[in-house]
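Student: Need a 3D model of the following:
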Amino acid sequence: LKQVFNKDKTFRPKRKFEPGTQRFELHKRAQASLNSGVDLKAAVQLPKGEDKNDWVAVHVVDFFNRINLIYGTICEFCTERSCPVMSGGPKYEYRWQDDVKYKKPTALPAPQYMNLLMDWIELQINNEDIFPTHVGK
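Tutor: Here you go, the predicted model:
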């Protein structure tokens, strides 16, 4: 279990919402609705009077945190040797392109692909131009 939560491997700390902010309150509301056994369609509907972008941002960050935890529990079973290709079954192969180091779609072992993907998503989430943390932006 120690390997699963090794920050240098795959685990990344959860992105937190600052207590007292509107996004923190939206996060609490989203968590409460998801944990209450409520209809999921109703749970993700925009609450009356809330900003649509803030509501979407809260769910994107929560989704990233959950996927990150799930991936952390399986990463030790998927090594470069056991998972030499990032695929979605026999018909689909995912290739990485970031226009920086990988200028063309490049086949990578699944763990390397996932690490690059999680790093890229984290950069997007932490980018204040995409996900501003101050209300009114």
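
Student: now L69: how far from C75?
Tutor: Distance, L69 to C75, by C-beta to C-beta, to the nearest Å: 11 Å. (Glycine included, C-beta is placed from N, CA and C.)

Student: who's more crowded, these two?
Tutor: C75 (20 against 15; other C-beta atoms under 10 Å).

Student: pull the longest helix from the protein.
Tutor: Longest helix in the chain, counting residues (DSSP state H): helix 52-74.

Student: which other helices and strands contact that helix?
Tutor: If contacts are counted by 3 or more C-beta pairs under 8 Å, 6 or more residues apart in numbering; DSSP states H and E, helix 52-74 sits against helix 22-35, helix 110-126.

Student: Can you name the element that comes right after the first one?
Tutor: Yep, that's helix 22-35 we're talking about. Going down the chain from helix 22-35, the next helix or strand is helix 40-43, by DSSP states H and E.

Student: Now do that following helix: which elements does it pack against?
Tutor: helix 22-35.
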